[in-house]
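[1] give the three-dimensional model of this entry:
(one chain, ligands or ions: 1)
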Amino acid sequence: MNVTLLQAMTGSARVLNGKVAIVTGSTSGIGLGIAHAFASAGASVVINGFGKQDEIGNTIESLQRETGVAAVYSAADMTKPDEIAGMVNLALETFGRLDILVNNAGIFHVGPIDQLPVEKWDAVVAINLSSAFHTIRLALPAMHRQGGGRIINIASALALVGLPLTSAYAATKHGIVGLTKVVALETAEQNITCNAICPGNVWTPLAEERIAEQMKVHGLPREEVIRTILLAEQPNKRFAMAEEIGAFATFLASDAAASITGAALPMDGGWTAH
Ligand code: NAD
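    Presented below is the predicted three-dimensional model:
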């Protein structure tokens, strides 16, 4: 992770020493960036998400080797409350505590609402929103016992504004901001904070696929596809990197962010400033 960036924000690179974090959906993309940032800052992490067993094994092994902290894997499916409970128990049984919860697992579906399959709506709601209800209700007792904690929900710019063809996604991301505010209010006196990060476009393996697909569909060069299609809504015309989200999440998880709670914080290159 970008140690200099984190040091500039917090004054120390190991601001999470001794902490234990769960990051849902951390086998790839933004979640993996957050897990790396937390481990680099000294936190033990529970990695979760789908993927090939050997690749997940390699991720855990390199995370531990590079950062010197412990990491374990939970295969919990975020649509299944009993498996979510198993993931929280794994953290408590392995590490004896739980300080930081990041609700990051999410899926996206594009299409007009009258053509949105009911099972797609249900899946987006289950993974993007209901899973956070379950993780939060299951993590809070440990945070209360320990005298504090941090909850970070990965929302989206589409938690703050709408965009055609994204009904299920935007509805769940707006919903998670509501959940963030209520959890923040309910825990405000317990040294627990709950915030939402609202990224615009972030560079993940999926972005490269979308560029190639749009270049074919529109017959446009790569740079034009990026500027006018993928980043059409994003004034700064650049993708954020997963490391940037990781650094910001680390700051929110640190003692320096104790007074930030109930906030929906854009990291969107000016998208929602319109
Ligand atoms: P990604 O597809 O790279 O990663 C998603 C992760 O969630 C993976 O680890 C996947 O295995 C996991 N996952 C999916 N379904 C799951 C389930 N049922 N149970 C457990 N894990 C599951 O996606 P990403 O782009 O890194 O997105 C991560 C989060 O950031 C999502 O909530 C997404 O909405 C949000 N976000 C992404 C962007 C972007 O541009 N990439 C922008 C704004 C917000």
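[2] from here on, contacts and neighbour counts on C-alpha atoms
    Will do.
[3] doesn't Ile107 make contact with Ala168?
    No. Assessed by CA atoms under 8 Å, Ala168 is found out of contact with Ile107, at 9.9 Å.
[4] which helix or strand contains Lys120?
    Using DSSP states H and E, Lys120 maps to helix 118-125.
[5] separation between the residue nearest the centre of the chain and His144?
    By CA atoms, centre = their mean, the chain has its centre lying nearest to Asn104, at 2.9 Å. Asn104 sits 22 Å away from His144, going by CA to CA, to the nearest Å.
[6] repeat for Phe133
    17 Å.
[7] do Thr166 as well
    36 Å.
[8] swap in Val20?
    Using CA to CA, one gets 15 Å for the distance from Val20 to His144.
[9] give me the more crowded residue out of these two.
    The residue with more neighbours, out of Val20 and His144, is Val20; 26 against 15, by other CA atoms under 10 Å.
[10] got a list of what the more buried one touches?
    Ala43, Ser44, Val45, Val46, Ala91, Phe95, Arg97, Leu98, Asp99, Ile100 (CA atoms under 8 Å, 6 or more residues apart in numbering).
[11] contacts only, for the nearest residue to Asn201 once chain neighbours are set aside.
    Excluding its sequence neighbours, the residue lying closest to Asn201 (CA to CA, 6 or more residues apart in numbering) is Phe239, at 5.3 Å. Listed by CA under 8 Å, 6+ apart, the contact set of Phe239 reads Gly200, Asn201, Val202, Trp203, Leu231.
[12] let's see 7 Å
    By CA atoms under 7 Å, 6 or more residues apart in numbering, the contact set of Phe239 is Asn201, Val202, Trp203.
[13] give me the subset of the contacts of Val20 lying in strands.
    Those of the contacts of Val20 mapping onto strands are Ser44, Val45, Val46, Ile100, per DSSP state E.
[14] was I right about the last one contacting Val23?
    This points to Ile100. No. If you go by CA atoms under 7 Å, Ile100 and Val23 don't touch, sitting 8.3 Å apart.
[15] what parts of the stretch 101-250 of the chain come near the ligand?
    Applying CA under 6 Å from any ligand atom, we find that the stretch 101-250 of the chain lies next to the ligand at 104-107, 127, 154-156, 199-202, 204.
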